[in-house]
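Enquirer: quick one, structure for this:
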Amino acid sequence: MIMKTLIDAVPSLKKLAGQELRMSTLHDVAKMIDKFESELRFYDEKRSAIIEKYCIEENGVIKPRENEADNLESAMKELLELEIDINGINLPVVIPEEENLLLSYADLCALNDFIKIKWANS
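Expert: Sure, this is the predicted structure:
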């Protein structure tokens, strides 16, 4: 899995984390989210360093330094394309339909690599 997949899923993962789930499902979801927290911290640290290196703030707006837009784009692309080690994470986490999750279609798309809904008749 690449970093971009995780970053794109963060809002939906937070929404999933806010759901009231049965203990067994909650345990699996919590384990998955806990495993990704170090990757997210790494991303935040590196993103901040990239912005500090290639950007300036003018009137509260962060923008690339002169002649640094290509370097900024390249550094961010490299960060977002990093492979994340998902060894030890059992993906997708299976969530029974009985959990009655309140997620949008966009959430389901973003969480496609992370969760699978188990329907009672399947």
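Enquirer: so how far is the longest helix along the chain off the chain centroid?
Expert: Among the segments of the chain that qualify as a helix by DSSP state H, the longest is helix 23-54. Distance of helix 23-54 from its chain centroid, counting by C-alpha atoms, centre = their mean, to the nearest Å, is 7 Å.
Enquirer: just the buried residues of it, please?
Expert: 25, 28-29, 32-33, 35-36, 39, 43, 46-47, 50-51, 54 (16 or more other C-beta atoms under 10 Å). Backbone N, C-alpha and C define where each C-beta goes, glycine included.
Enquirer: now it: mean pLDDT?
Expert: Confidence for helix 23-54, expressed as mean pLDDT, is 94.
Enquirer: quick one: the strands in the protein?
Expert: Under the criterion DSSP state E, the chain contains strands at 55-58, 61-64, 93-96, 115-118.
Enquirer: make JSON lines from those and add mean neighbour count and distance to residue 102 to it.
Expert: JSON lines is the format used below for the strands of the chain (neighbours: other C-beta atoms under 10 Å; distance: least, C-beta to C-beta, whole Å):
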{"stretch": "strand 55-58", "mean neighbour count": "12", "distance to residue 102": "37"}
{"stretch": "strand 61-64", "mean neighbour count": "12", "distance to residue 102": "34"}
{"stretch": "strand 93-96", "mean neighbour count": "17", "distance to residue 102": "12"}
{"stretch": "strand 115-118", "mean neighbour count": "16", "distance to residue 102": "13"}
